[in-house]
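> The sequence and its predicted three-dimensional model are supplied below.
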Amino acid sequence: MASILAFAGSNSSKSINYQLVKYTVSLIEGNEIQLLNMVNFPFPMFSEDYEKENGYSNSLIELKNDIVKADGIIISVNEHNSGPSAYFKNLTDWLSRVERKFLDEKPVFLMSTSGGQRGGMTALEITKNVIPRFGAQVAATFSLPYFQENFTEGEGITDKELAKAHRAALDQFLSKL
């Protein structure tokens, strides 16, 4: 039994990326799942001055420890202005200061979604290229376009082809654990 940590790169209480992560982990059987809602993880904007004066918060250290303990990570990144959100960038800035390779060769299932036709693809691609610097092994990716049309709470991904692609990507990730 593998241990999987899952979260969205958004701290919005109405995050569609969190909904996608929550749905994704509901499909996983036989593994230990820890699902984090990042609304509960507020972090100040990173700066060296703040770090020098205040150090690292307990919640940051706990999150880093949860990442280290996990066998695999599922992340769905949100997109703001054609890039990952400031929240997600700030989160990776903080985590990389505590431990540069905080993802330590872990398989990562990287996803994104948005209300538009590209499904957060630009944020997904940027993140896919950046997180290996922190030790991640990107095992699979998936982008869900037109979230409101292709996802229903309680049902999940409603488009059959997208649901099939999502399942294939999830299975690819799970095979790496």
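Now that the structure is in, tell me what you want to look at. Everything numeric here is computed off the predicted structure, so don't read it as measured data.

> residue ranges with poor pLDDT in the protein?
When the per-residue scores of the chain are filtered using pLDDT under 70, no range remains.

> Is residue 163 in contact with residue 157, as I believe?
Yes: counting by C-beta atoms under 8 Å, residue 163 sits close enough to residue 157 to count as a contact (4.2 Å). From N, CA and C alone the C-beta is placed, and that goes for glycine too.

> Please say which of those two ends up with more neighbours.
Under the neighbour definition other C-beta atoms under 10 Å, residue 163 and residue 157 were set side by side, and residue 157 has more, 23 against 17.

> What's the separation between that one and residue 2?
Applying C-beta to C-beta, to the nearest Å, the value for residue 157 to residue 2 is 23 Å.

> cool, residue 103 as well?
To residue 2, residue 103 is 16 Å away according to C-beta to C-beta.

> Please identify which of these two sits among more neighbours.
Using other C-beta under 10 Å, the more surrounded residue of residue 103 and residue 2 is residue 103, with 25 against 15.

> who touches that one in this structure?
Applying C-beta atoms under 8 Å, 6 or more residues apart in numbering, we find residue 103 in contact with 67, 73, 131, 134, 135, 136.
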